[in-house]
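> sequence first, predicted coordinates after that:
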Amino acid sequence: MGALDIRHVSQAYGKTAVLHDIDISVAAGEFLVLVGPSGCGKSTLLNLIAGLDTVQSGEIAIDGERVNERSPADRNIAMVFQSYALYPNMTVRENLGFGLRMRGVAHAARENAIAEVAALLKIEELLDRKPRALSGGQRQRVAMGRALVRKPSLFLFDEPLSNLDARLRIEMRTLIKRLHQQLGTTTVYVTHDQIEAMTLATRIAVMNRGRLQQVGTPNEVYASPANMFVAGFMGAPSMNLIEAKLVRESARVAVRFALADGSTATLALPSPEVVAGYSGDDIVLGLRPEAITDGASAERSGALQFMENRIDVVEPAGSDTFVVSRMGGTDVVARLHADATPQAGAPFRLAIDMAKCVLFDPATQERIGS
Amino acid sequence: MRANVLGRASLYAFLGVFALWYLVPLVVMLLNSVKPLAEIEQGNMVFLPQMFTLDPWRAAWSTAQIGVEATGLRPYFVNSLLMVVPAVLVSTLLGAINGYVLTQWRFRGDTLVFGLLLFACFIPFQIVLIPMARMLGALGLAGTTSGLILVHVVYGIGLTTLFFRNFYTSFPRELIRAAQIDGAGFGSIWLRIVLPNSVPIIVVCVIWQFTSIWNDFLFGASFADADSQPVIVALNNLVNASQGVKEYNVYFAAAMLAGLPTLLVYIVAGRYFVRGLMAGSVKG
């Protein structure tokens, strides 16, 4: 039993199935991020947890108690909305106190709770203003304050940072993370931004087309994606997915794919037992950009293999230099050290860390040997 | 440049002519309501009064013969106020509740209900006179101000619902949801969140309802008796009196008096017609 249990929840509107058999358990104090492209069902799932929509099939339990039939007010949750949804006719103080007032909390206790939260979020001087007199970042803080003030057992965030500019977003991200570390309240956070997911989550649930793709720590989801969707969705730039052939020789197993000039590269798999259960020849080789780097300054690891390939595009990014080259018929992004000197149009020696590769079955898109 | 000036000039001339066209009747009424009758009878309709007097206004308000009694418009004016204030408030509030339910608490068949309410806006009122008269009789409200209030509320709901429903379709849904999570129920969300943020549409609705109920003649003439007649019906009775001298100056003053409240509502309520009250609730 966790702080929040989502048990086999399915949901359909008309003939459109929006959620397929979602099953997630969130332990107390966890920060779960639901991430996926728009229309993947993550917001629907959040609304079901909040009780803003009725569960059609399956069960949702908070602190071990089934809440399907309970109204949003009776679930001991608080939610921060994308639009902030501050009551425009009320001052910040009244906004913060509204939930307490509706629950019959006495005036003095209410004022104490408001003062405490205002101090925590540094919005004391805004208490007597109306929302329209606040900036975007201030509104965001008030919206969080309104959720915090009730001390719920579960926080829900619905894309709370997507209306902020890039700088403010990073600032608020840090604030949210700090608050979670400080308060330890179980949190479910919906976003389409995989960087937000990586930085905030203790666990990530990746969703696509109403199905749960993978649930795991940020590291697990990043390093060992369960399928090609997760591999492509998480990380920026995303994981390179190279179509290749599996070459089984007596002593070793390797992957072979075409290079820019028409020649082929053959890279041995450091742990061939991964493909033991796979009978096909076609395979998709997944390599993060940081697993392909410049030969000169690469770390010396046993699994490092080298190849020459023509570089098409060079993109210096200050801390790193990204280069694009053709492998297996697709553009592959490699992450070089900033002091590497690749030339567009010229061959360049790349080092590939095959210990970090993942392999997918092109037919099922699932990871092989996981 | 020259053509431009010429164009401007003809534009202003054009607009000026129409403004004059629109204002002339009002000017004539005003001028003649402050003249003694003798001046009008000399054929002096469009000139400034030679002798300024407020007697016609006093007569129209308190002494003119209307029906059998020489009471002026005053008692009928009071009747109209007693009718229009509750009728406007009740129909506006019901419209607000309907609009709120139809947009934020959707239920099975809500589109049909809305369609039927909308249909009510298009019923020609002559059709309902006889059934309504029978209904008022059955309720014991025939010939009373309460009966008129009921009629105006019933036939106002369609339009007020339309006003509020259209306004609330763009009401931020997340505000309602936030209030639900904060523990507010149907009633307190309406009272504390929805209604305070509906000022623009309340103003529109009140102006509209006030004007049409105040100016209504058909229902007033059909359902009111001598004690509950609204001012517009009384004005008609005053002007259409078949006996005695035609006191045009009094008629003009009476017509202005009967029209003043709607003018006042436009001036007062118009000031609160502030847009952008919702600004600040959503996005940055």
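Perfect, I can see it now.

> CA atoms only for the helix or strand containing residue B:137, dumped as PDB, please.
Following DSSP states H and E, the helix or strand that holds residue B:137 is helix B:125-139. Once non-C-alpha atoms are left out, helix B:125-139 reads as follows in PDB (Å, rounded to 0.1, in the frame of the first residue of the first chain):
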ATOM      1  CA  PHE B 125     -45.700  37.300 -27.000                       C
ATOM      2  CA  GLN B 126     -49.200  37.800 -28.500                       C
ATOM      3  CA  ILE B 127     -49.500  34.000 -28.700                       C
ATOM      4  CA  VAL B 128     -49.200  33.500 -25.000                       C
ATOM      5  CA  LEU B 129     -51.500  36.300 -23.900                       C
ATOM      6  CA  ILE B 130     -54.700  34.200 -23.400                       C
ATOM      7  CA  PRO B 131     -53.100  31.100 -21.800                       C
ATOM      8  CA  MET B 132     -51.100  33.500 -19.500                       C
ATOM      9  CA  ALA B 133     -54.200  35.400 -18.600                       C
ATOM     10  CA  ARG B 134     -55.800  32.100 -17.600                       C
ATOM     11  CA  MET B 135     -52.800  31.000 -15.600                       C
ATOM     12  CA  LEU B 136     -52.600  34.300 -13.700                       C
ATOM     13  CA  GLY B 137     -56.300  33.900 -13.000                       C
ATOM     14  CA  ALA B 138     -55.800  30.400 -11.700                       C
ATOM     15  CA  LEU B 139     -52.900  31.700  -9.500                       C
END
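
> starting at the chain centroid, how far to it?
What separates the centre of helix B:125-139 from the centre of its chain is 22 Å, taken as Cα atoms, centre = their mean, to the nearest Å.

> show me what it packs onto, helices and strands only.
Helices and strands touching helix B:125-139, by 3 or more Cβ pairs under 8 Å, 6 or more residues apart in numbering or on different chains; DSSP states H and E, are helix B:145-168, helix B:218-223. (Each C-beta comes from the backbone N, C-alpha and C, glycine too.)

> any idea which of those helices gets closest to chain A?
Among the helices and strands packed on helix B:125-139, the nearest to chain A by Cβ to the nearest Cβ is helix B:145-168 (14.5 Å).

> pull out the CA atoms of the closest one and give them to me as CSV.
What follows is the C-alpha trace of helix B:145-168 in CSV, where atoms were taken according to Å, rounded to 0.1, in the frame of the first residue of the first chain:
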residue,chain,number,x,y,z
THR,B,145,-48.1,43.8,-9.9
SER,B,146,-46.9,40.3,-8.7
GLY,B,147,-48.6,38.8,-11.7
LEU,B,148,-46.7,41.2,-14.0
ILE,B,149,-43.5,40.3,-12.3
LEU,B,150,-44.1,36.6,-12.8
VAL,B,151,-44.9,37.2,-16.5
HIS,B,152,-41.8,39.2,-17.1
VAL,B,153,-39.6,36.8,-15.2
VAL,B,154,-40.9,33.8,-17.1
TYR,B,155,-40.4,35.5,-20.5
GLY,B,156,-37.1,37.0,-19.5
ILE,B,157,-35.4,33.7,-18.5
GLY,B,158,-34.8,32.6,-22.0
LEU,B,159,-32.8,35.6,-22.9
THR,B,160,-31.0,36.0,-19.6
THR,B,161,-30.0,32.4,-19.7
LEU,B,162,-28.6,32.9,-23.2
PHE,B,163,-26.6,35.9,-22.0
PHE,B,164,-25.1,34.1,-19.1
ARG,B,165,-24.6,30.8,-20.8
ASN,B,166,-22.6,32.4,-23.6
PHE,B,167,-20.5,34.4,-21.1
TYR,B,168,-19.8,31.3,-18.9
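
> that helix close to chain A?
No - contact between helix B:145-168 and chain A, assessed by Cβ under 8 Å from any Cβ of the partner chain, is absent, since the two come no nearer than 14.5 Å.

> now the angle from that helix to helix B:125-139?
For helix B:145-168 and helix B:125-139, the angle between their directions (axes from the mean of the first three to the mean of the last three Cα atoms, to 10 degrees) works out to 130 degrees.

> establish whether the next helix or strand after helix B:145-168 and chain A are in contact.
Per DSSP H and E, the first helix or strand lying C-terminal to helix B:145-168 is helix B:173-181. Yes - residues of helix B:173-181 are located near chain A by Cβ under 8 Å from any Cβ, namely B:174-175, B:177-181.

> adding mean neighbour count, distance to residue A:329 and mean pLDDT, write the helices and strands packed on helix B:125-139 out as CSV.
Supplementary listing: the helices and strands packed on helix B:125-139 in CSV, determined by neighbours: other Cβ atoms under 10 Å in any protein chain shown; distance: least, Cβ to Cβ, whole Å; pLDDT from 0 to 100:
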stretch, mean neighbour count, distance to residue A:329, mean pLDDT
helix B:145-168, 22, 54, 92
helix B:218-223, 20, 79, 92
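
> of the ones you listed, which approaches residue B:33 most closely?
Using Cβ to Cβ as the criterion, the shortest distance between residue B:33 and these is 23.2 Å, found for helix B:218-223.

> which strands or helices does that closest one pack on?
Applying 3+ Cβ pairs under 8 Å, 6+ apart, we find helix B:218-223 packed against helix B:125-139, helix B:145-168, helix B:231-239.

> from the chain's centre, how far out does the shortest one sit?
Spelled out, it's helix B:231-239. 17 Å.

> dump it to PDB, restricted to CA.
This file holds the C-alpha atoms of helix B:231-239, laid out as PDB (Å, rounded to 0.1, in the frame of the first residue of the first chain):
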ATOM      1  CA  VAL B 231     -46.200  53.900 -16.500                       C
ATOM      2  CA  ILE B 232     -46.000  53.100 -20.200                       C
ATOM      3  CA  VAL B 233     -49.600  52.000 -20.300                       C
ATOM      4  CA  ALA B 234     -50.600  55.100 -18.300                       C
ATOM      5  CA  LEU B 235     -48.700  57.300 -20.700                       C
ATOM      6  CA  ASN B 236     -50.700  55.800 -23.500                       C
ATOM      7  CA  ASN B 237     -54.000  56.400 -21.600                       C
ATOM      8  CA  LEU B 238     -52.900  60.000 -21.000                       C
ATOM      9  CA  VAL B 239     -52.000  60.700 -24.600                       C
END
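
> contacting residues around it?
Outside of helix B:231-239, the residues within contact range by Cβ atoms under 8 Å, 6 or more residues apart in numbering or on different chains are B:60, B:64-67, B:73, B:76-77, B:79-80, B:214-217, B:220-221, B:224, B:229, B:250-251, B:254-255, B:257-258.

> derive a PyMOL selection command for the buried subset of the residues you listed.
One line in PyMOL is enough to select the buried members of the contacts of helix B:231-239, burial here meaning 16 or more other Cβ atoms under 10 Å in any protein chain shown:
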select buried, chain B and resi 60+64+65+66+73+76+77+79+80+214+215+216+220+224+229+250+251+254+255+257+258
